[in-house]
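K.L.:
here is my input; please provide its structure:
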Amino acid sequence: MNKEQKVEAFKMRMDGYTYDSIAKKFNVSKQYVQAELSRSLKRKSNVKYPKLQEWLEINNISNKKFCEIIGSNANVYNAMSVIRRSRMSGKTGFKIDEIKKILEYTGMTFEELFKESGIDDIRLDEEGE
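P.N.:
Prediction:
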């Protein structure tokens with residue numbers, strides 16, 4: 001299912017449609033629909049910086065590109081994925097220089113990208129990965 005279909009499936013589920021009826025509409029299995037909708041909800045709930053996440057998704061920023069933007073030298077996909085997930089969930093704070101690089105790259109302000117978490121709530125690490 002593409003992104004638009006997943007959004008439609010989620011709306012259908014919120015309107016009371018069963019997983020089975022959604023699966024039939026998109027010609028996929030019921031288990032696939034359950035897994036995709038659950039994964040989408042989990043992914044969204046684990047994001048501490050939704051405005052930044054939204055910008056990354058809209059601009060199709062890959063894990064590799066994200067690591068390049070923040071200046072990480074990770075060169076293994078799994079490591080890149082872990083770095084992005086840990087930063088976005090707030091498990092590992094952004095370093096100040098990473099924030100500066102993100103702001104420079106996006107052309108947005110700190111408040112625009114991080115305001116959902118509140119300025120006082122952002123966790124900064126002096127050292128990190």
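K.L.:
okay, and the closest residue to G71 other than its chain neighbours sits in which element?
P.N.:
Distances taken as C-beta to C-beta, 6 or more residues apart in numbering place K101 nearest to G71, at 5.8 Å, with adjacent residues excluded. For the C-beta atoms, the positions are set from N, CA and C on the backbone; glycine is no exception. Assigned by DSSP states H and E, K101 belongs to helix 96-106.
K.L.:
list the helices and strands that helix packs on?
P.N.:
The contact analysis (3 or more C-beta pairs under 8 Å, 6 or more residues apart in numbering; DSSP states H and E) places helix 96-106 against helix 63-70, helix 110-114.
K.L.:
outside of the first one, which residues touch it?
P.N.:
Yep, that's helix 63-70 we're talking about. 56, 61, 73-74, 77, 80-81, 83-84, 87, 94-95, 98, 101-102, 105 (C-beta atoms under 8 Å, 6 or more residues apart in numbering).
K.L.:
what residues of it count as buried?
P.N.:
By 16 or more other C-beta atoms under 10 Å, the buried positions in helix 63-70 come out as N63, F66, C67, E68, I69, I70.
K.L.:
got the CA positions of the helix or strand that comes right after that helix in CSV?
P.N.:
Beyond helix 63-70 in the direction of the C-terminus, DSSP H and E gives the next helix or strand as helix 77-89. What follows is helix 77-89, C-alpha atoms only, in CSV (Å, rounded to 0.1, in the frame of the first residue of the first chain):
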residue,chain,number,x,y,z
TYR,A,77,22.2,1.5,7.1
ASN,A,78,21.3,-0.1,10.4
ALA,A,79,23.4,2.4,12.3
MET,A,80,21.9,5.3,10.3
SER,A,81,18.4,4.1,11.1
VAL,A,82,19.2,3.8,14.8
ILE,A,83,20.7,7.3,14.9
ARG,A,84,17.6,8.8,13.3
ARG,A,85,15.1,6.8,15.5
SER,A,86,17.0,7.7,18.7
ARG,A,87,17.2,11.4,17.9
MET,A,88,13.5,11.6,16.8
SER,A,89,12.2,9.7,19.8
